[in-house]
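> pasting a predicted model and its sequence here:
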Amino acid sequence: MKYTIWNNKGGTGKTSLSFQTITTYALTKPDERILVIDLCPQANVSELLLGGLQGNGNTSLQSLYNQPTRQSIGGYFQLRIPSPFKPPTIDPTLFITTPCTSNPNIATNIDLLAGDRLLEIQSNALTSLANSQLPGVNARLAIIDWINDFISVTGNTYQTIFIDTNPSFSIHTQIALASTDRLILPIMADDSSRRAIANVFTLIYGLNIPNAIYNAYMFSTTLHDAGRSLPLVHLIIRNRITQYMGEASAYGAVLNHITEDVQNLLRTHPTLFTFATTAQGILSVKDFGTTGVVAFAEGTPFNQLRTGNHVINGRNTKVNKSMLVACISDINAIVAHL
């Protein structure tokens, strides 16, 4: 199964949810091999998996870029650019790293195709290549299949793949979505998140396009014309609900509107979802607060984080037991749906 965690809106807590969900899932499925593909130019999930701030995750990430074959998604794309429309003949292990060798907090069954700042530069080249007009070649489909190509050469090595993306609908985000079975959509309790949900269904599924002239350029059209399936919405996570008050009245009206919007989509387009009711597909997660800050600074899953005092960047801070238990509970609820 392949999951992508994405929203075209920033600030939804996607990175923190991705890191905690992936690492917790790996601990609950020790017999599975798991691959994390980081298609975000910021490479934040990669840095966390490699150790975070305290564990020199950035240094470990930089060392991957300095390998003879750049050991990252950028290295793989760099190899593809000179011959973009032919399936690659590559050794995928040249690009994959095992985070537990840098960060002992990470389960041994997780592998990583690390993110890379080169993606921003490569995005221009990929977009140009996707717009090529070549006889007998569907250039756009060939480019957005690059991750599918990579997964193919790994064979049956991985039972579950998680793909992280940045908040955009750039060509590398479309490459991620084209290889995805299930979409996990984090949102906030605000009006911009409500608009973001509408945008997601336009960008991925082609709903409510303002003018038919855009049909030929839509992501959904590219996949449909090739007889390919689109990813299904699997979970909508209402993130950073107020810590002590739950879904407090200040957010309640917006949350209700978001739920109503999803209910309407379930009625009109049920085949776009893996769930039949909002109760099955919408989860709420409280703000991780200080607990999250400490966990990410140390590159540590919540269920391995110790309570009590921690020194972060030379300053003392404390992880409260009840707050940690609440964080673990919320992440466990997400993992239970995977």
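That came in fine, so what should we check first?
> remind me which residues of the stretch 151-300 of the chain are low pLDDT?
Within the stretch 151-300 of the chain, the stretches with pLDDT under 70 are 189-191, 240-253.
> ok, which stretches of it are helices?
Taking DSSP state H, counting those that start in this stretch as the test, the helices found in the stretch 151-300 of the chain are 171-178, 191-205, 219-225, 249-268, 278-281, 289-298.
> switch these over to TSV; also include distance to Phe19.
Backbone N, C-alpha and C define where each C-beta goes, glycine included. Listed next are those as TSV, based on distance: least, CB to CB, whole Å:
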stretch	distance to Phe19
helix 171-178	17
helix 191-205	20
helix 219-225	27
helix 249-268	24
helix 278-281	22
helix 289-298	7
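> among those, which comes closest to Leu129?
helix 171-178 (8.9 Å; CB to CB).
> so what does the closest one touch, helix or strand wise?
Applying 3 or more CB pairs under 8 Å, 6 or more residues apart in numbering; DSSP states H and E, we find helix 171-178 packed against strand 34-39, helix 118-130, helix 139-144, helix 146-153, strand 160-165, helix 219-225.
> longest strand in the protein, please.
Counting residues, the longest strand found in the chain (DSSP state E) is strand 232-241.
> quick one: buried residues of stretch 324-333?
Burial within stretch 324-333, assessed by neighbour count using 16 or more other CB atoms under 10 Å, is assigned to 324, 326-328, 330-332.
> now do stretch 88-99
88, 92, 95-97, 99.
> format the helices and strands packed on helix 171-178 as CSV; extra columns: distance to Thr173 and mean neighbour count.
Formatted as CSV, the helices and strands packed on helix 171-178 follow (distance: least, CB to CB, whole Å; neighbours: other CB atoms under 10 Å):
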stretch, distance to Thr173, mean neighbour count
strand 34-39, 7, 26
helix 118-130, 9, 17
helix 139-144, 10, 21
helix 146-153, 11, 19
strand 160-165, 5, 25
helix 219-225, 9, 17
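> go through the ones you listed and name the closest to Tyr3.
Of the helices and strands packed on helix 171-178, nearest to Tyr3 by CB to CB is strand 160-165, at 5.2 Å.
> partners of that closest one in the sheet?
Strand pairing for strand 160-165, using DSSP bridges, gives strand 2-5 (parallel), strand 34-39 (parallel).
> what's the angle between the longest strand of the chain and helix 191-205?
With axes from the mean of the first three to the mean of the last three CA atoms, to 10 degrees applied, the angle from strand 232-241 to helix 191-205 works out at 170 degrees.
> which residues are contacting strand 232-241?
Contacting residues not belonging to strand 232-241 are listed as 3, 12-13, 17, 181-189, 197, 247-248, 251, 255, 258, 262, 272-275, 281-288, 334, 337 [CB atoms under 8 Å, 6 or more residues apart in numbering].
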